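Trainee: Could you look at this predicted model? Sequence included:
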Amino acid sequence: MLSSSGPIGVFDSGVGGLSVLRHIRTQLPTENLIYFADSGYAPYGDKPEEFVIERSFKIAGFLLERDIKALVVACNTATAAAIHLLRDNYPDLPIVGVEPGLKPAATKTITGIVGVMATERTLASNKFHVLHQLLNDQTGVHFIMQPCPGMADLIEHAELDSEAIFSLVRRYLGPLLEQKADTIVLGCTHYPFIRHVIEKVAAEYGNRALNIIDTGYAVARQLKHLLDIYGLNCRKKNPEAAMRAFTSGNPETISRLIFRLLQTDMPVFYASL
(Lines give C-alpha, C1' and ligand atoms only; values in the text may rest on other atoms or scores of the structure.)
Protein backbone atom coordinates (compact mmCIF):
# COMPACT_ATOMS: atom_id res chain seq x y z
CA MET A 1 0.00 0.00 0.00
CA LEU A 2 1.50 3.30 -1.09
CA SER A 3 1.60 6.05 1.52
CA SER A 4 1.72 9.81 1.02
CA SER A 5 4.38 9.94 3.73
CA GLY A 6 6.66 7.59 1.80
CA PRO A 7 9.76 8.82 -0.04
CA ILE A 8 10.18 9.31 -3.78
CA GLY A 9 12.80 7.08 -5.39
CA VAL A 10 15.04 8.45 -8.14
CA PHE A 11 17.73 6.52 -9.98
CA ASP A 12 20.30 6.91 -12.72
CA SER A 13 23.38 5.08 -13.95
CA GLY A 14 25.41 7.59 -11.93
CA VAL A 15 25.18 11.21 -10.85
CA GLY A 16 23.43 12.53 -13.98
CA GLY A 17 20.00 12.08 -12.45
CA LEU A 18 20.92 14.69 -9.85
CA SER A 19 20.08 17.23 -12.55
CA VAL A 20 16.51 15.92 -12.29
CA LEU A 21 16.60 15.57 -8.51
CA ARG A 22 17.37 19.28 -8.07
CA HIS A 23 14.19 20.18 -9.98
CA ILE A 24 12.17 17.73 -7.88
CA ARG A 25 13.58 19.24 -4.70
CA THR A 26 12.61 22.73 -5.90
CA GLN A 27 9.08 21.84 -6.99
CA LEU A 28 8.34 19.37 -4.15
CA PRO A 29 10.28 20.76 -1.16
CA THR A 30 8.32 18.83 1.49
CA GLU A 31 8.99 15.39 0.01
CA ASN A 32 11.55 12.86 1.23
CA LEU A 33 13.85 11.75 -1.58
CA ILE A 34 16.02 8.67 -2.08
CA TYR A 35 18.57 8.74 -4.88
CA PHE A 36 20.33 5.68 -6.28
CA ALA A 37 23.51 6.21 -8.32
CA ASP A 38 24.43 2.96 -10.08
CA SER A 39 27.99 4.18 -10.49
CA GLY A 40 29.47 0.72 -10.13
CA TYR A 41 27.95 -0.07 -13.53
CA ALA A 42 28.04 3.36 -15.20
CA PRO A 43 27.65 4.43 -17.90
CA TYR A 44 24.59 2.65 -19.30
CA GLY A 45 24.85 4.23 -22.75
CA ASP A 46 27.24 1.62 -24.13
CA LYS A 47 25.70 -1.40 -22.37
CA PRO A 48 23.37 -4.03 -23.93
CA GLU A 49 19.66 -3.35 -23.48
CA GLU A 50 19.18 -6.57 -21.46
CA PHE A 51 21.79 -5.39 -18.97
CA VAL A 52 20.12 -1.99 -18.54
CA ILE A 53 16.74 -3.70 -17.98
CA GLU A 54 18.23 -6.03 -15.37
CA ARG A 55 19.84 -3.15 -13.46
CA SER A 56 16.64 -1.09 -13.62
CA PHE A 57 14.62 -3.87 -12.02
CA LYS A 58 17.21 -4.53 -9.32
CA ILE A 59 17.28 -0.86 -8.35
CA ALA A 60 13.49 -0.52 -8.48
CA GLY A 61 13.19 -3.53 -6.16
CA PHE A 62 15.76 -2.04 -3.78
CA LEU A 63 13.90 1.27 -3.63
CA LEU A 64 10.52 -0.43 -3.16
CA GLU A 65 11.97 -2.21 -0.12
CA ARG A 66 12.40 1.31 1.28
CA ASP A 67 8.67 2.01 0.82
CA ILE A 68 8.88 4.53 -2.01
CA LYS A 69 5.54 5.93 -3.21
CA ALA A 70 6.79 6.89 -6.69
CA LEU A 71 9.72 6.11 -8.96
CA VAL A 72 11.61 8.47 -11.25
CA VAL A 73 13.80 6.82 -13.87
CA ALA A 74 16.19 9.77 -14.20
CA CYS A 75 18.18 8.20 -17.01
CA ASN A 76 17.39 8.47 -20.71
CA THR A 77 18.94 5.09 -21.52
CA ALA A 78 17.07 3.26 -18.75
CA THR A 79 13.81 5.01 -19.66
CA ALA A 80 14.13 3.91 -23.28
CA ALA A 81 15.00 0.33 -22.39
CA ALA A 82 12.98 -0.45 -19.30
CA ILE A 83 10.24 1.97 -18.32
CA HIS A 84 7.43 0.16 -20.18
CA LEU A 85 8.45 -3.08 -18.45
CA LEU A 86 8.63 -1.40 -15.05
CA ARG A 87 5.13 0.03 -15.54
CA ASP A 88 3.82 -3.40 -16.55
CA ASN A 89 5.40 -5.00 -13.50
CA TYR A 90 4.37 -2.28 -11.01
CA PRO A 91 0.99 -1.05 -12.31
CA ASP A 92 0.03 0.67 -9.04
CA LEU A 93 3.26 2.65 -8.70
CA PRO A 94 3.52 6.13 -10.24
CA ILE A 95 6.55 5.95 -12.54
CA VAL A 96 8.04 8.90 -14.41
CA GLY A 97 10.78 8.64 -17.00
CA VAL A 98 12.89 11.06 -18.98
CA GLU A 99 13.24 11.36 -22.71
CA PRO A 100 15.02 13.83 -24.98
CA GLY A 101 13.00 17.05 -25.27
CA LEU A 102 12.33 16.89 -28.99
CA LYS A 103 8.86 18.40 -28.71
CA PRO A 104 9.88 21.62 -26.88
CA ALA A 105 12.91 21.85 -29.19
CA ALA A 106 10.63 21.79 -32.24
CA THR A 107 8.74 24.79 -30.89
CA LYS A 108 11.95 26.75 -30.14
CA THR A 109 13.92 26.37 -33.36
CA ILE A 110 13.94 29.16 -35.93
CA THR A 111 16.21 27.47 -38.47
CA GLY A 112 14.17 24.25 -38.34
CA ILE A 113 17.32 22.31 -37.42
CA VAL A 114 17.73 20.73 -33.98
CA GLY A 115 20.78 18.88 -32.69
CA VAL A 116 20.24 15.98 -30.29
CA MET A 117 23.19 15.10 -28.06
CA ALA A 118 22.65 11.75 -26.36
CA THR A 119 24.16 8.34 -25.66
CA GLU A 120 24.38 5.76 -28.42
CA ARG A 121 21.90 3.49 -26.63
CA THR A 122 19.27 6.26 -26.30
CA LEU A 123 19.52 7.22 -29.97
CA ALA A 124 19.31 3.57 -31.05
CA SER A 125 16.21 2.79 -28.99
CA ASN A 126 12.86 2.10 -30.60
CA LYS A 127 11.16 4.50 -28.18
CA PHE A 128 13.35 7.35 -29.38
CA HIS A 129 12.96 6.39 -33.05
CA VAL A 130 9.16 6.46 -32.81
CA LEU A 131 9.18 9.88 -31.08
CA HIS A 132 11.65 11.30 -33.58
CA GLN A 133 9.69 10.08 -36.60
CA LEU A 134 6.38 11.33 -35.21
CA LEU A 135 7.70 14.85 -34.55
CA ASN A 136 9.55 14.99 -37.84
CA ASP A 137 6.32 14.15 -39.67
CA GLN A 138 4.24 16.59 -37.60
CA THR A 139 6.59 19.58 -37.62
CA GLY A 140 8.98 19.17 -40.53
CA VAL A 141 11.86 19.96 -38.16
CA HIS A 142 15.13 18.26 -39.07
CA PHE A 143 16.68 16.51 -36.06
CA ILE A 144 20.40 15.74 -36.29
CA MET A 145 21.42 12.86 -34.02
CA GLN A 146 24.80 13.17 -32.33
CA PRO A 147 25.97 10.28 -30.18
CA CYS A 148 28.38 11.48 -27.51
CA PRO A 149 30.46 8.52 -26.30
CA GLY A 150 32.67 9.30 -23.34
CA MET A 151 30.92 12.51 -22.31
CA ALA A 152 28.78 11.10 -19.48
CA ASP A 153 31.79 9.17 -18.21
CA LEU A 154 33.88 12.36 -17.88
CA ILE A 155 31.01 14.10 -16.05
CA GLU A 156 30.73 11.05 -13.79
CA HIS A 157 34.36 11.68 -12.83
CA ALA A 158 33.67 15.37 -12.09
CA GLU A 159 35.46 16.66 -15.18
CA LEU A 160 33.14 19.63 -15.57
CA ASP A 161 35.71 22.22 -16.65
CA SER A 162 38.62 20.14 -17.92
CA GLU A 163 40.23 20.43 -21.33
CA ALA A 164 39.04 16.87 -21.98
CA ILE A 165 35.37 17.82 -21.60
CA PHE A 166 35.84 20.95 -23.71
CA SER A 167 37.49 18.81 -26.39
CA LEU A 168 34.58 16.35 -26.48
CA VAL A 169 31.96 19.10 -26.55
CA ARG A 170 33.77 20.76 -29.47
CA ARG A 171 33.90 17.41 -31.29
CA TYR A 172 30.19 16.69 -30.85
CA LEU A 173 28.65 20.17 -30.85
CA GLY A 174 30.75 21.71 -33.62
CA PRO A 175 29.24 19.70 -36.51
CA LEU A 176 25.71 20.48 -35.28
CA LEU A 177 26.39 24.21 -35.26
CA GLU A 178 28.05 24.00 -38.67
CA GLN A 179 24.81 22.48 -39.98
CA LYS A 180 22.89 25.52 -38.66
CA ALA A 181 21.31 23.90 -35.62
CA ASP A 182 20.04 26.71 -33.37
CA THR A 183 18.57 24.42 -30.71
CA ILE A 184 20.33 21.61 -28.84
CA VAL A 185 18.55 18.87 -26.92
CA LEU A 186 20.46 17.48 -23.93
CA GLY A 187 19.45 13.83 -24.29
CA CYS A 188 21.30 12.57 -21.22
CA THR A 189 20.69 13.71 -17.65
CA HIS A 190 24.44 14.11 -17.12
CA TYR A 191 24.73 16.84 -19.74
CA PRO A 192 22.99 19.74 -17.91
CA PHE A 193 26.00 19.81 -15.56
CA ILE A 194 28.19 20.97 -18.47
CA ARG A 195 25.70 23.46 -19.89
CA HIS A 196 28.25 26.22 -19.25
CA VAL A 197 30.77 24.35 -21.42
CA ILE A 198 28.24 23.93 -24.22
CA GLU A 199 27.44 27.65 -24.09
CA LYS A 200 31.13 28.60 -24.19
CA VAL A 201 31.82 26.33 -27.15
CA ALA A 202 28.75 27.68 -28.97
CA ALA A 203 30.10 31.20 -28.40
CA GLU A 204 33.39 30.13 -30.01
CA TYR A 205 31.31 29.36 -33.11
CA GLY A 206 29.67 32.78 -32.93
CA ASN A 207 26.39 31.44 -31.51
CA ARG A 208 25.56 33.25 -28.28
CA ALA A 209 21.82 32.60 -28.42
CA LEU A 210 21.73 28.81 -28.57
CA ASN A 211 18.51 27.23 -27.31
CA ILE A 212 19.41 24.43 -24.88
CA ILE A 213 16.65 22.00 -23.90
CA ASP A 214 16.90 20.31 -20.48
CA THR A 215 13.80 18.30 -19.52
CA GLY A 216 14.45 18.12 -15.75
CA TYR A 217 11.84 20.76 -14.94
CA ALA A 218 9.17 18.98 -17.02
CA VAL A 219 9.94 15.65 -15.31
CA ALA A 220 9.47 17.19 -11.86
CA ARG A 221 6.22 18.81 -12.99
CA GLN A 222 4.91 15.49 -14.32
CA LEU A 223 5.85 13.79 -11.04
CA LYS A 224 3.93 16.39 -9.06
CA HIS A 225 0.94 15.91 -11.37
CA LEU A 226 0.97 12.12 -10.89
CA LEU A 227 1.26 12.41 -7.11
CA ASP A 228 -1.80 14.68 -7.13
CA ILE A 229 -3.76 12.19 -9.25
CA TYR A 230 -2.82 9.29 -6.97
CA GLY A 231 -3.50 11.37 -3.85
CA LEU A 232 0.08 10.81 -2.71
CA ASN A 233 1.37 14.38 -2.62
CA CYS A 234 2.72 15.30 0.79
CA ARG A 235 0.54 18.33 1.50
CA LYS A 236 1.64 18.96 5.07
CA LYS A 237 4.69 21.10 5.59
CA ASN A 238 7.50 18.76 6.51
CA PRO A 239 10.44 20.59 8.10
CA GLU A 240 12.32 17.28 8.29
CA ALA A 241 12.07 16.51 4.57
CA ALA A 242 15.30 14.69 3.85
CA MET A 243 17.41 13.43 1.00
CA ARG A 244 19.64 10.37 1.13
CA ALA A 245 21.53 8.44 -1.47
CA PHE A 246 22.75 4.93 -2.17
CA THR A 247 25.33 3.83 -4.70
CA SER A 248 26.84 0.67 -6.15
CA GLY A 249 30.05 2.69 -6.53
CA ASN A 250 32.21 4.56 -4.07
CA PRO A 251 30.09 6.47 -1.50
CA GLU A 252 32.84 9.03 -0.78
CA THR A 253 33.18 9.86 -4.47
CA ILE A 254 29.42 10.20 -4.90
CA SER A 255 29.20 12.35 -1.76
CA ARG A 256 31.84 14.74 -3.13
CA LEU A 257 30.07 14.90 -6.50
CA ILE A 258 26.71 15.57 -4.87
CA PHE A 259 28.19 18.45 -2.91
CA ARG A 260 29.84 19.88 -6.01
CA LEU A 261 26.81 19.48 -8.27
CA LEU A 262 24.02 20.41 -5.84
CA GLN A 263 25.90 22.45 -3.22
CA THR A 264 24.38 20.34 -0.47
CA ASP A 265 25.45 17.54 1.85
CA MET A 266 23.59 14.26 1.50
CA PRO A 267 24.31 11.01 3.33
CA VAL A 268 25.48 8.34 0.85
CA PHE A 269 25.47 4.60 1.59
CA TYR A 270 26.93 1.69 -0.33
CA ALA A 271 24.50 -0.91 -1.67
CA SER A 272 25.58 -4.15 -3.28
CA LEU A 273 23.01 -5.13 -5.91
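Mentor: Yep, it's here. The structure displayed is predicted, hence computed values, not measured ones.

Trainee: Am I right that residue 169 falls within a helix?
Mentor: Yes: per DSSP: H, G, I helix; E, B strand; the rest coil, residue 169 lies within a helix segment.

Trainee: isn't it right next to residue 198, touching?
Mentor: Yes: if you go by CB atoms under 8 Å, residue 169 and residue 198 touch, sitting 5.9 Å apart. All C-beta atoms are positioned from the backbone trio N, CA, C, and that covers glycine.

Trainee: Those two: which is more packed in?
Mentor: Set residue 169 next to residue 198 and count neighbours by other CB atoms under 10 Å: residue 169 wins out with 23 against 20.

Trainee: Run through the residues that contact the more buried one.
Mentor: Residue 169 makes contacts with 151, 194, 197, 198, 201, as judged by CB atoms under 8 Å, 6 or more residues apart in numbering.

Trainee: ok, now residue 204?
Mentor: Contact partners of residue 204, counting by CB under 8 Å, 6+ apart, are residue 170.

Trainee: Buried ones in stretch 242-250, by neighbour count?
Mentor: Residues of stretch 242-250 classed as buried: 243, 245, 246, 247, 248, 249 (neighbour count, 16 or more other CB atoms under 10 Å).

Trainee: ok, residue 273 to residue 37 distance?
Mentor: 12 Å (CB to CB, to the nearest Å).

Trainee: quick one: which of these two has more around it?
Mentor: residue 37 (31 against 14).

Trainee: Now that one. Its backbone dihedrals?
Mentor: With angles defined as degrees, to the nearest 10, residue 37 sits at phi -100, psi 110.

Trainee: Give me the common contacts of residue 273 and residue 37.
Mentor: Joint contacts of residue 273 and residue 37 (CB under 8 Å, 6+ apart) are residue 248.

Trainee: The closest residue in space to residue 168 that isn't next to it in sequence: neighbour count?
Mentor: Of all residues not flanking residue 168 in the chain, residue 151 sits nearest, at 5.2 Å (CB to CB, 6 or more residues apart in numbering). For residue 151, the neighbour count with other CB under 10 Å is 26.

Trainee: List the contacts of residue 151.
Mentor: By CB under 8 Å, 6+ apart, the neighbours of residue 151 are 117, 165, 168, 169, 172, 188, 190, 191, 194.

Trainee: same thing but at 10 Å, please
Mentor: 43, 45, 117-119, 159, 164-165, 168-169, 171-172, 188, 190-191, 194, 197 (CB atoms under 10 Å, 6 or more residues apart in numbering).

Trainee: Repeat that for residue 62.
Mentor: 9, 11, 34, 36, 68, 246, 248, 271, 273.

Trainee: and the gap between the third one and residue 60?
Mentor: Here residue 34 is placed at a distance of 12 Å from residue 60 (CB to CB).

Trainee: quick one: which of those two has more around it?
Mentor: More crowded of residue 34 and residue 60, by other CB under 10 Å: residue 60, with 24 against 21.

Trainee: Just to be sure, that one is in a strand?
Mentor: No: counting by three-state DSSP, residue 60 is not part of a strand but helix.

Trainee: Okay, now the unreliable bits of this structure?
Mentor: Scanning the chain with the threshold set as pLDDT under 70 gives 236-241.

Trainee: what helix or strand is the spatially most central residue of it on?
Mentor: Nearest to the mean C-alpha position of the chain, counting by CA atoms, centre = their mean, stands residue 189 at 2.9 Å. Here residue 189, judged by DSSP states H and E, is contained in no helix and no strand.
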